[in-house]
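> Give me coordinates for this.
(2 chains)
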2 protein chains.
Amino acid sequence: MADDKGDDSVAARTRAAVVDLLGVLAYGELTAFDRLAADAHFAPTLGGRAALAQMAATEMGHFARLAERLTEMGVDPDAAMAPFVRPLDAYHDSTRPSTWLEGLVKAYVGDGLAKDFYREVAGWLDPSSRDLVLEVLSDTGHAAFAVREVRAAIAHDPTLAGRLALWARRLLGEALSQAQHAAADREALAQLIVERSGDLAGVGVLFERLTGRHAERMRALGLSS
Amino acid sequence: MADDKGDDSVAARTRAAVVDLLGVLAYGELTAFDRLAADAHFAPTLGGRAALAQMAATEMGHFARLAERLTEMGVDPDAAMAPFVRPLDAYHDSTRPSTWLEGLVKAYVGDGLAKDFYREVAGWLDPSSRDLVLEVLSDTGHAAFAVREVRAAIAHDPTLAGRLALWARRLLGEALSQAQHAAADREALAQLIVERSGDLAGVGVLFERLTGRHAERMRALGLSS
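I've put the predicted structure just below:
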């Protein structure tokens, strides 16, 4: 009986971690929608504006899938998102782009980092949750768009590279800081990460993988990390 | 030969009117996306925010259909939208909502009026263009949402009704004023409207129908028109 109880509590904790992951992803989609919509408004051409607005619309398709799954699990999507409103809003408030290019770098570098992290966590989940997470993390075409626009701008004016590299480092710092706050608050998700990474050293290895991929993205943009 | 030339020029004018209609609709979808996205950000609940963001995403689905059709016709969507950027932006700049409720009234009353007008014009087009226009004008659920929210707010605070009614009348005035500017610039579209209405008296009858439906929407919101 003690064993059963142990199993139950592992199942309950795993379920709580899945709800947390779907909740943070859902709120992430809503904020991605907001940012893409705002960036669309500042696009220098009608074509660029339409492209970004289309990407924003795709994020809402992902949001709908996550909300649907949470509802199927008997969880109110608003309740699942609620714990992540403060840390995600804090990250976005502290990294508000002041130019079109800063917005593109933020979307590529910041979202890329978050997506890599969510993909790692997804690998530890049941196949159905994992597939859903990988589906909503699929690229909306924004990454290639951002790389193209940023590289073209730097080719035109190489002095931009230094400022944008500083900006990207600030994004990394703020993202890690808010992720720490979120993890401290969400025990089930934090515990899943430590357990599945093996131990704290495993978490260190995970972070090395994430920062390695971050450096690759910086290189793709033509920026030093 | 003179007849052929006459037919050609009728066909060319009709084609120009169709391009104009698809162009103004496409730019209208882009601006609808912007406004819904901005309103979503000011929604009082996460649920309301998600609902409006979903509606914005639906508008972009409509936009994609219109851009696709224009491309099929050999017309660059950006070029088709260009003539309507100034009048639509002028309308939106002069009617920027300052509250959540003003935004909802604008979306319901302003978009309702525009959609009624586009539906009238669509009735004069070839079946394939007509079907596309009617499809992209289909309701995204926003109308029922706006009516519910505005009526609930007025039930809670009846003093809102007077201010919102004034706001709606200003929307009507600005919309008609900008429509006149646009019509003066777009000969093919204006000519199609006059021809198909029969004559200028027919245009008057069309406007009576449009203002009649506007009054119905005002009643649905619980506002005097």
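> just to confirm, which helix or strand has A:Glu29 in it?
In this structure, A:Glu29 sits in helix A:2-41 according to DSSP states H and E.
> Whichever helix or strand comes after that helix vs helix A:2-41, what angle?
Per DSSP H and E, the first helix or strand lying C-terminal to helix A:2-41 is helix A:46-72. With axes from the mean of the first three to the mean of the last three CA atoms, to 10 degrees defining the directions, helix A:46-72 sits at 160 degrees from helix A:2-41.
> now for helix A:46-72, which elements pack on it?
If you count contacts as 3 or more CB pairs under 8 Å, 6 or more residues apart in numbering or on different chains; DSSP states H and E, helix A:46-72 packs onto helix A:2-41, helix A:77-94, helix A:127-136, helix A:142-156, helix B:2-41, helix B:46-72, helix B:77-94. Heads up, the C-betas are built off the backbone N, CA and C, glycines and all.
> Give the buried residues for it.
Going by neighbour count (16 or more other CB atoms under 10 Å in any protein chain shown), the buried part of helix A:46-72 is A:46, A:48-60, A:62-67, A:69-70.
> For the spatially most central residue of chain A, which non-adjacent residue is closest in space?
With distances taken as CA atoms, centre = their mean, the residue of chain A nearest its centroid is A:Ala114 (3.0 Å). Spatial nearest neighbour of A:Ala114, chain neighbours left out: A:Gly28 (6.6 Å); criterion: CB to CB, 6 or more residues apart in numbering or on different chains.
> Between the helices and strands packed on helix A:46-72, which one is closest to A:Leu192.
Closest approach to A:Leu192 among these is made by helix A:2-41 (4.1 Å; CB to CB).
> A:Trp100 reaches A:Ala43, doesn't it?
Yes - when contacts are counted by CB atoms under 8 Å, A:Trp100 is listed as touching A:Ala43 (6.9 Å).
> These two: which is more packed in?
A:Ala43 (18 against 15; other CB atoms under 10 Å in any protein chain shown).
> Isn't the more buried one up against A:Gly103?
No - under the criterion of CB under 8 Å, A:Ala43 makes no contact with A:Gly103, lying 9.4 Å away.
> list the contacts for A:Leu221?
A:Val105, A:Tyr108, A:Val109, A:Ala146, A:Val147, A:Val150, A:Arg151, A:Ile154, A:Leu164, A:Ala168 (CB atoms under 8 Å, 6 or more residues apart in numbering or on different chains).
> Kindly reformat these as JSON lines containing neighbour count, distance to chain B and pLDDT.
Output for these, formatted as JSON lines (neighbours: other CB atoms under 10 Å in any protein chain shown; distance: CB to the nearest CB, whole Å; pLDDT from 0 to 100):
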{"residue": "A:Val105", "neighbour count": "25", "distance to chain B": "21", "pLDDT": "93"}
{"residue": "A:Tyr108", "neighbour count": "24", "distance to chain B": "20", "pLDDT": "90"}
{"residue": "A:Val109", "neighbour count": "26", "distance to chain B": "23", "pLDDT": "91"}
{"residue": "A:Ala146", "neighbour count": "25", "distance to chain B": "19", "pLDDT": "89"}
{"residue": "A:Val147", "neighbour count": "17", "distance to chain B": "22", "pLDDT": "92"}
{"residue": "A:Val150", "neighbour count": "24", "distance to chain B": "22", "pLDDT": "93"}
{"residue": "A:Arg151", "neighbour count": "14", "distance to chain B": "23", "pLDDT": "95"}
{"residue": "A:Ile154", "neighbour count": "17", "distance to chain B": "25", "pLDDT": "95"}
{"residue": "A:Leu164", "neighbour count": "22", "distance to chain B": "26", "pLDDT": "95"}
{"residue": "A:Ala168", "neighbour count": "24", "distance to chain B": "25", "pLDDT": "92"}
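> What residues does chain A have near chain B?
A:30, A:33-34, A:37-38, A:40-41, A:45-47, A:49-50, A:53-54, A:56-61, A:63-64, A:67, A:77-78, A:81-82, A:85 (CB under 8 Å from any CB of the partner chain).
> can you do 10 Å?
A:26-27, A:29-30, A:33-34, A:36-38, A:40-41, A:45-50, A:53-61, A:63-64, A:67, A:76-79, A:81-82, A:85 (CB under 10 Å from any CB of the partner chain).
> in stretch A:83-94, what counts as buried?
A:Pro83, A:Phe84, A:Val85, A:Pro87, A:Leu88, A:Tyr91, A:His92.
> rewinding a little: what touches both of A:Trp100 and A:Ala43?
A:Glu149 (CB atoms under 10 Å, 6 or more residues apart in numbering or on different chains).
> if I look at A:Thr71, how far off is A:Val19?
Distance, A:Thr71 to A:Val19, using CB to CB, to the nearest Å: 12 Å.
> so what sits against both of the two?
With CB under 10 Å, 6+ apart as the test, A:Thr71 and A:Val19 both reach A:Ala80.
> Contacts for stretch A:168-181, please.
For stretch A:168-181, the external contacting residues (CB under 10 Å, 6+ apart) are A:24, A:84, A:86-95, A:97, A:102, A:105-106, A:108-111, A:113-114, A:117, A:190, A:207, A:210-211, A:214, A:217-218, A:221, A:223-225.
> rerun at 8 Å
Under CB under 8 Å, 6+ apart, the answer for stretch A:168-181 is A:87-88, A:90-91, A:94-95, A:105-106, A:109-110, A:113-114, A:117, A:211, A:214, A:218, A:221, A:223, A:225.
> repeat for stretch A:84-93
A:23-24, A:27-28, A:31, A:35, A:110, A:174-175, A:178-179, A:181-182, A:185, B:46.
> Is there a quick ChimeraX command that grabs whichever of the residues you listed are buried?
To isolate the buried members of these in ChimeraX, using 16+ other CB under 10 Å:
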select /A:23,24,27,28,31,35,110,174,175,178,179,182 /B:46
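> and of the contacts of stretch A:84-93, the nearest to B:Arg130?
Within the contacts of stretch A:84-93, the smallest distance to B:Arg130 is 37.1 Å, found for A:Arg35 (CB to CB).
> how close does the closest one sit to A:Glu216?
Look at A:Arg35 and A:Glu216: by CB to CB, they are 22 Å apart.
> can you list the weak-confidence ranges in chain A?
Within chain A, the segments meeting pLDDT under 70 span A:1-7.
> Enumerate every residue touching A:Leu25.
Neighbouring residues of A:Leu25 by CB under 8 Å, 6+ apart: A:His62, A:Leu66, A:Tyr118, A:Val133, A:Val136, A:Leu137.
> can you rerun that using 6 Å?
Neighbour list for A:Leu25: A:Leu66 [criterion: CB atoms under 6 Å, 6 or more residues apart in numbering or on different chains].
> and if you look at A:Gly47?
B:Asp78 are the contacts of A:Gly47 under CB under 6 Å, 6+ apart.
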